[in-house]
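> A structural model of the following input is requested.
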Amino acid sequence: MRGAILLTIVVMLAVTLVPTLRSLIQQRGDTSAMQDRVAQQQQSVADLTRQAALWKDPAYIELQARERLKFVRVGDRAYTVIDASPNEASAAAAERPAVAAPLANDSAPWYGKVWQSVQIADRPTAGVTATR
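Predicted structure coming up:
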């Protein structure tokens, strides 16, 4: 009889404690995930704060305007190199396909020519001939 009562008490304790322990473990996992997220956001805030501090410096603003927007001061000359070397340019030109788009019908009215050009432009491979 005592064994049955003891077993009943143990079962009742297990029934009440297991969901509580499961909830506790899940909440600890959630807390850990939130702490990681907070740490990532704090790092992001620190990076953005450093970047905002850089943008307060007039020299940095001038450097960015020169690099990104190709701004120059009055009297300065700006040069932009288009082709790095003639060998690379000729190789790149040889790889590009030559496009000869078909012309719209000359006897059609202007709106017919516009519609034909729209139809031609809608086909991405219209008139593409590879040169090799």
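> any idea where the helices of this structure begin and end?
For the chain, the helices defined by DSSP state H cover 2-55, 58-69, 86-95, 110-122.
> Going by mean pLDDT, which of those helices comes out lowest?
In terms of average pLDDT, helix 86-95 trails the rest of the helices of the chain, at a mean of 62.
> coming back round to it: which one, of the helices of the chain, ends up nearest to Tyr79?
helix 58-69 (12.4 Å; CB to CB). Where C-beta positions appear, they are placed from N, C-alpha and C, glycine not excepted.
> Export the closest one to PDB, keeping only CA atoms.
C-alpha atoms of helix 58-69 as PDB (Å, rounded to 0.1, in the frame of the first residue of the first chain):
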ATOM      1  CA  PRO A  58      35.000  67.200 -44.200                       C
ATOM      2  CA  ALA A  59      38.100  65.500 -45.500                       C
ATOM      3  CA  TYR A  60      36.300  62.100 -45.600                       C
ATOM      4  CA  ILE A  61      33.300  63.700 -47.300                       C
ATOM      5  CA  GLU A  62      35.600  65.200 -50.000                       C
ATOM      6  CA  LEU A  63      37.400  61.900 -50.400                       C
ATOM      7  CA  GLN A  64      34.000  60.100 -50.900                       C
ATOM      8  CA  ALA A  65      32.800  62.700 -53.400                       C
ATOM      9  CA  ARG A  66      36.000  62.300 -55.400                       C
ATOM     10  CA  GLU A  67      35.900  58.500 -55.400                       C
ATOM     11  CA  ARG A  68      32.200  57.800 -55.700                       C
ATOM     12  CA  LEU A  69      31.000  60.800 -57.700                       C
END
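> Contacts made by that helix with the rest, please.
The contact list for helix 58-69, computed with CB atoms under 8 Å, 6 or more residues apart in numbering, reads Leu54, Trp55, Phe71, Val72.
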